[in-house]
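**Q** Fold the following and give me the result.
(one chain, ligands or ions: 1)
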Amino acid sequence: MKIRNWTNDDIVSVAEIEKNCFSKPWTLAMLEEEINNPYFFCLVVETDNIVIAYLNYHIINGQYHIANIAVESNYRRKGIAKGLLKELLRSAKENNISGITLEVNSNNAAAENLYKKMGFKTMGIRKKYYGGTEDALIMWLYL
Ligand SMILES: CC(C)(COP(=O)(O)OP(=O)(O)OC[C@H]1O[C@@H](n2cnc3c(N)ncnc32)[C@H](O)[C@@H]1OP(=O)(O)O)[C@@H](O)C(=O)NCCC(=O)NCCS
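**A** I've put the predicted structure just below:
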């Protein structure tokens, strides 16, 4: 299993994982637009030449803003998301990034636990952020 930066060839695989993991997935067109954005990055996890997970993020004012992280369901609970976040932390330190932030649905216990395990703290709540009903937790990890 290896973690690497995405290339144009990975867009379809990442879009497929999006579709499998989220009710409102990023479309192929959205991802195609981001691949030309110099402030957007995407790490993918590949095994046997298949992309099975990704983490994408923007760099804004010297901080990383995680957009999404997802692992194909057959590969969950094997430490893959943790591995992606560790790689992100390594990159953040290398690039003098001062913090990493994200929003997570307050009903998404798996993701909230993952981020807490990696040292993120809940710093605020956006009420009814998702679909006008579900709250978003704003989490931050200062480096
Ligand atoms: C959230 C997600 C990325 C976790 O990926 P994963 O590779 O299974 O996570 P890991 O195996 O690295 O787990 C790391 C820690 O996260 C927490 N965790 C992961 N899945 C969990 C679950 N189903 N229930 C509770 N805690 C969970 C645990 O603390 C776990 O540590 P442990 O295994 O030592 O208990 C994955 O469930 C997923 O893709 N979900 C759908 C997409 C999504 O909701 N993304 C988050 C958007 S903000």
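
**Q** Go ahead and name everything in contact with the least confident helix or strand in the chain by mean pLDDT.
**A** Using mean pLDDT, DSSP states H and E, helix 28-34 stands out as the lowest-scoring helix or strand of the chain, at a mean of 95. With Cβ atoms under 8 Å, 6 or more residues apart in numbering as the test, helix 28-34 has contacts from 11-12, 14-15, 18, 40, 42, 56. For the C-beta atoms, the positions are set from N, CA and C on the backbone; glycine is no exception.

**Q** Mind checking which of these are in strands?
**A** Counting by DSSP state E, the contacts of helix 28-34 place 40, 42, 56 in strands.

**Q** Give me the pLDDT value at the second one.
**A** The confidence metric pLDDT takes the value 98 at C42.

**Q** In contact with it, which residues?
**A** Contacts for C42 were tallied using Cβ under 8 Å, 6+ apart; they are 5-6, 10, 14, 34, 54-57.

**Q** Those: which two are farthest apart?
**A** Greatest spatial distance in the contacts of C42: D10 and Y57, 15.1 Å, computed using Cβ to Cβ.

**Q** Show me which of the two is the more surrounded one.
**A** The neighbour comparison of D10 against Y57 (other Cβ atoms under 10 Å) goes to Y57, with 23 against 19.

**Q** what sits opposite the more buried one in the beta ladder?
**A** When assigned by DSSP bridges, Y57 has beta-bridge partners F41, I66.

**Q** do you know how far it is from the ligand?
**A** 11 Å (Cβ to the nearest ligand atom, to the nearest Å).

**Q** Please look at that residue and L84 and confirm they touch.
**A** No. Counting by Cβ atoms under 8 Å, Y57 stays clear of L84, with 10.2 Å between them.

**Q** hey, which helix is longest across this protein?
**A** In the chain, taking DSSP state H as the definition, the longest helix is helix 80-94.
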